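*Asks:* My questions concern the predicted model and sequence given below.
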Amino acid sequence: MSEWVDVIAADALADGENVIVDVDGSEVAVFKIDGQFYAIEDVCTHDGAEIASGELDGDEIVCPRHGARFCVRTGEVKCPPAYENIATFPLRIVDGRVQVRDDRWE
Ligand code: FES
């Protein structure tokens with residue numbers, strides 16, 4: 001089982017911001033939206049762009065390369081040219097710290 005990776009203090013991230021962290025070799029983007037935290041892989045399923053550098057529109061992130069949209073809460077693809085959902089990751093808050101782990105290979 002993969003280990004939980006410490007990301008950031010929960011109060012250090014403002015709503016609408018994100019931070020990138022390496023989790024077992026994968027780049028994971030942790031977003032804060034309306035006070036809740038969500039973790040998605042920082043890789044667009046269309047052509048591999050770093051999705052977190054795109055514009056956040058409500059709870060959707062817009063890929064900066066070709067404009068595909070994904071729900072940050074669920075990873076669900078919302079708009080072509082991507083057709084596959086983006087990976088999401090388990091996330092928890094421990095002692096005021098945000099932690100994520102990669103459970104995809106368990
Ligand atoms: S790489 Fe994201 S839409 Fe093409």
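*Replies:* Sure, I can see it. Numbering: from 1, shown residues only.

*Asks:* contacts and neighbour counts: CA atoms only from here.
*Replies:* Noted.

*Asks:* Report the contact partners of residue 51.
*Replies:* 42, 43, 44, 61, 62, 63, 64 (C-alpha atoms under 8 Å, 6 or more residues apart in numbering).

*Asks:* Show me what the fourth one bridges to in the sheet.
*Replies:* Put plainly, it is residue 61. Legend: beta-bridge partners of residue 61 under DSSP bridges are residue 56, residue 70.

*Asks:* Isn't it up against residue 50?
*Replies:* No - Residue 61 sits out of contact with residue 50 when judged by C-alpha atoms under 8 Å, with a separation of 11.0 Å.

*Asks:* more crowded one of the two?
*Replies:* residue 61 (22 against 18; other C-alpha atoms under 10 Å).

*Asks:* quick one, what contacts the residue nearest to residue 101 when sequence neighbours are not counted?
*Replies:* In space, and not counting its chain neighbours, residue 101 is closest to residue 4: 4.7 Å by C-alpha to C-alpha, 6 or more residues apart in numbering. By C-alpha under 8 Å, 6+ apart, the residues touching residue 4 are 99, 100, 101.

*Asks:* what's the neighbour count on the last one?
*Replies:* Residue 101 is flanked by 21 other residues according to other C-alpha under 10 Å.

*Asks:* can you pull the contacts of it?
*Replies:* 2, 3, 4, 5, 23, 89, 90, 91.

*Asks:* Model confidence at it, what's the number?
*Replies:* pLDDT, residue 101: 95.

*Asks:* quick check, residue 31 in a helix?
*Replies:* No - checked against DSSP: H, G, I helix; E, B strand; the rest coil, residue 31 lies outside a helix; its state is strand.

*Asks:* Look up how far residue 105 lies from the residue nearest to it when sequence neighbours are not counted.
*Replies:* Leaving aside its chain neighbours, residue 31 sits nearest to residue 18 (4.3 Å; criterion: C-alpha to C-alpha, 6+ apart). Remark: distance between residue 18 and residue 105 (C-alpha to C-alpha, to the nearest Å) = 25 Å.
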